[in-house]
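A.B. asks: predicted structure and sequence below. I'll ask about it afterward.
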Protein chains: 2
Amino acid sequence: MSRTAGSSGKKTLAAIREAGLDLVHEHGFEAMSLRRLAARVGLQPGSLYNHIETKQDLLFDLIHNHMVTLLASIDEELEGIADPLERLQAFIAFHLTYHIERKREVFIGSSELRSLEPKNRRKIVALRKTYEDRLYEILEQGAVNKLFKIEDIRVSTYAILAMLTGICTWYDAKGRIDRKTLIDIHTRLVLQGVLK
Amino acid sequence: MSRTAGSSGKKTLAAIREAGLDLVHEHGFEAMSLRRLAARVGLQPGSLYNHIETKQDLLFDLIHNHMVTLLASIDEELEGIADPLERLQAFIAFHLTYHIERKREVFIGSSELRSLEPKNRRKIVALRKTYEDRLYEILEQGAVNKLFKIEDIRVSTYAILAMLTGICTWYDAKGRIDRKTLIDIHTRLVLQGVLK
DNA sequence: TATAAAAACGATCATACGTTCGTATTTAAG
DNA sequence: CTTAAATACGAACGTATGATCGTTTTTATA
């Protein structure tokens, strides 16, 4: 893929991000070389710096972008739903669907927190906490309404998230189970563990 | 840490493994330099090769060692327990305890499969499958005995493993919750999702 | 205490690293 | 059509990479 001077910066940045997701996922952030990244995008190494500040900034950009989109999406998804049970069902379906389609981002978002500078890491951890709180609040609301019976809301939040996220990384879209069935099974598993 | 020629190879190899776990966990396998590893152990880079074949062999050794010990331990743990419910409880307690104490190994064992050569990766994946089968068989036995009611045994196996393993990576031993409580909560969560 | 084996040293190989910079080219706005 | 801004080039910086090898030092055995 060759590229000419002056060509659209928007497109080039998008290509850099896409190749970055691939390469970080494949080699880890520290081991991803900007030379390989540039080659995949069709640039000379130095030209990357017309689009990114530093390698570190690229990593932050990739993870931050993921988290912000995730948060905006869940809020959109839950908007207008009041009943805790329905909200929980919506959360499960959304989380599974969203994460299945973004395995690279999910992997990087958890495995490469180590490579973020402290200030950047704090920002990401705060966003993650905000997302976790969406589920926490649903469980809490259901518990208050005597709809759910939960021993420890915080631990249950983490347990449900671990289950849903973990499964996404294994799930093979071309395998035995279709997406709807996957959602159904998990909805039932979670509800059994949570319903009164 | 300084080291003298002729000193015990067993100790040196153990130190290499320990430092290797740390550095792979911290930087990722590809980005872990043998120079840094050697420095941490107190060796010149070339001296590592008195103990390891290649960098790749070290990675395989680290992961393989973990998986073999894991398998031997679960078999020992389950030995003599016949009742599926008791076996499930034993599995949960064991898995949580074992994984909490080996966060580095667990992390590396999942995130660095990508860095294993195909032949090595196949061996590890086979061992992992064997471990997963231990839980699968417990669930199956419980289902046959009409003790458990499980919609999809394979998916439930993965879901339970994802939940238990995921939580281990977050769990802070110095935090609000002690280990016994963590096990109790998770045992209840799993049983609710599985019991008839 | 003589000696073989084990382990460490330290130099070396060609190659790759992230980033900077001066220059050239292309695009888009006026 | 002119021109400023955006983008790309390509060389260069000092440093680090995994692995090899001949040599030296230390250990343990007999």
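C.D. replies: Looks like it arrived, so ask away.

A.B. asks: right, and residue A:125 touches residue A:110 too?
C.D. replies: No: using C-beta atoms under 8 Å, residue A:125 makes no contact with residue A:110, being 11.1 Å away. Any C-beta I mention is one placed from the backbone N, CA and C, and that applies to glycine too.

A.B. asks: more crowded one of those two?
C.D. replies: Set side by side, residue A:125 and residue A:110 show more neighbours around residue A:110, with 17 against 13, by other C-beta atoms under 10 Å in any protein chain shown.

A.B. asks: could you point out which element follows the helix ranked longest in chain A?
C.D. replies: Ordering each helix of chain A by length in residues (DSSP state H) puts helix A:118-144 first. Moving toward the C-terminus from helix A:118-144, the next helix or strand (DSSP states H and E) is helix A:153-170.

A.B. asks: and that next one, does that touch chain B?
C.D. replies: Yes: using C-beta under 8 Å from any C-beta of the partner chain, we find that helix A:153-170 touches chain B at A:155-156, A:158-167, A:170.

A.B. asks: which member of the residues you listed is positioned nearest DNA strand C?
C.D. replies: residue A:165 (28.4 Å; C-beta to the nearest atom of the strand).

A.B. asks: so who does the closest one touch?
C.D. replies: When contacts are counted by C-beta atoms under 8 Å, 6 or more residues apart in numbering or on different chains, residue A:165 touches A:95, A:99, A:106, B:162, B:166.

A.B. asks: looking at these, spot the one nearest residue A:133.
C.D. replies: Checking the contacts of residue A:165 against residue A:133 with C-beta to C-beta, the nearest one is residue A:95 at 13.8 Å.

A.B. asks: report pLDDT for the closest one.
C.D. replies: Here, the pLDDT recorded for residue A:95 equals 98.

A.B. asks: please apply the same query to the one 3 residues further on.
C.D. replies: In the prediction, the pLDDT value recorded for residue A:98 is 97.

A.B. asks: that one - how many residues pack around it?
C.D. replies: Neighbours around residue A:98, by other C-beta under 10 Å: 17.

A.B. asks: quick one: it from DNA strand D, how far?
C.D. replies: 30 Å (C-beta to the nearest atom of the strand, to the nearest Å).

A.B. asks: quick one: that residue and residue A:72 touch, right?
C.D. replies: No: using C-beta under 8 Å, residue A:98 is not in contact with residue A:72, being 11.2 Å away.

A.B. asks: sec struct for residue A:43, please.
C.D. replies: Put simply, residue A:43 is coil when judged by DSSP: H, G, I helix; E, B strand; the rest coil.
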